[in-house]
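S.K.: using only what follows, build the 3D model:
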Amino acid sequence: MARWEADASGRLQRAAIELFAQQGFTETTVPQIAVRAGVTTRTFFRHFPDKREVLFAGEEGLATTFADLIDTAPSELAALGTLEHALKAAADEGFEQRRDWMRQWRAIVNAEHPLRERGLSKQQMLVTAAVKALRKRGVDPVTGELAAGMALVAFQAAAAEWVADEAATRPLSSYLEVSFSHVRQVAAADHLRM
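M.R.: Okay, the predicted model is just below:
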């Protein structure tokens, strides 16, 4: 086994996802992941503090990318439209080619309570990044927080439907469009009842 393997981090992530899907998160050990990836356990710990973090690697980068996409959205868009634009761009650039991986990731995370909690923490990090980016665009904090929360729920609903649809021929961005349309309908219906 070579000491410095190219893309060890990526291979570790792929190996972990495969093992978690095959035998479960709890039953999978770090040494098993390392062996599957063709590296040492020591190499694993150079890249990840524990096996849970393999599933959430790169979340800081994702928050930064999301904020950048919000920053570059057309200036005429309101808060929710800005977030829809940014999430569609993220879907096209970062998720479209990873549908099978995302399906496995969601199944693994949804099967374990501590992983679901960690996933919610990740979502909150994205909401915080979105609120900060929206504030730079002049959106007040309360509107930003509400819009970001609704946008992340819309994304989760769209992603769940996209990965569950085995014969999906539409891109994730089209599921997002439908999901955001539902959010707007709910908001409009509630507004009319007031």
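S.K.: CA atoms for contacts and neighbours, from now on please.
M.R.: Noted.
S.K.: so how far is Asp100 from Met21?
M.R.: Wrong residue type there; residue 21 is Ala, not Met. 12 Å (Cα to Cα, to the nearest Å).
S.K.: same check, this time on Ala168
M.R.: 12 Å.
S.K.: same thing with Phe44?
M.R.: Phe44 is 24 Å from Asp100, by Cα to Cα.
S.K.: which of these two has more residues huddled nearby?
M.R.: Phe44 (23 against 13; other Cα atoms under 10 Å).
S.K.: can I get the CA coordinates of whichever strand or helix holds that one in CSV?
M.R.: Using DSSP states H and E, Phe44 falls within helix 41-47. The C-alpha trace of helix 41-47 is given here as CSV (Å, rounded to 0.1, in the frame of the first residue of the first chain):
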residue,chain,number,x,y,z
THR,A,41,-6.2,3.7,9.5
ARG,A,42,-3.7,6.5,10.2
THR,A,43,-4.4,8.0,6.8
PHE,A,44,-8.1,7.9,7.6
PHE,A,45,-7.5,10.0,10.7
ARG,A,46,-5.4,12.5,8.8
HIS,A,47,-8.5,13.3,6.7
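S.K.: that helix: which residues count as buried?
M.R.: Thr43, Phe44, His47 (16 or more other Cα atoms under 10 Å).
S.K.: mind putting the residues you listed into JSON lines with pLDDT and distance to Ala189?
M.R.: Listed next are those as JSON lines, based on pLDDT from 0 to 100; distance: Cα to Cα, whole Å:
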{"residue": "Thr43", "pLDDT": "95", "distance to Ala189": "54"}
{"residue": "Phe44", "pLDDT": "96", "distance to Ala189": "51"}
{"residue": "His47", "pLDDT": "94", "distance to Ala189": "48"}
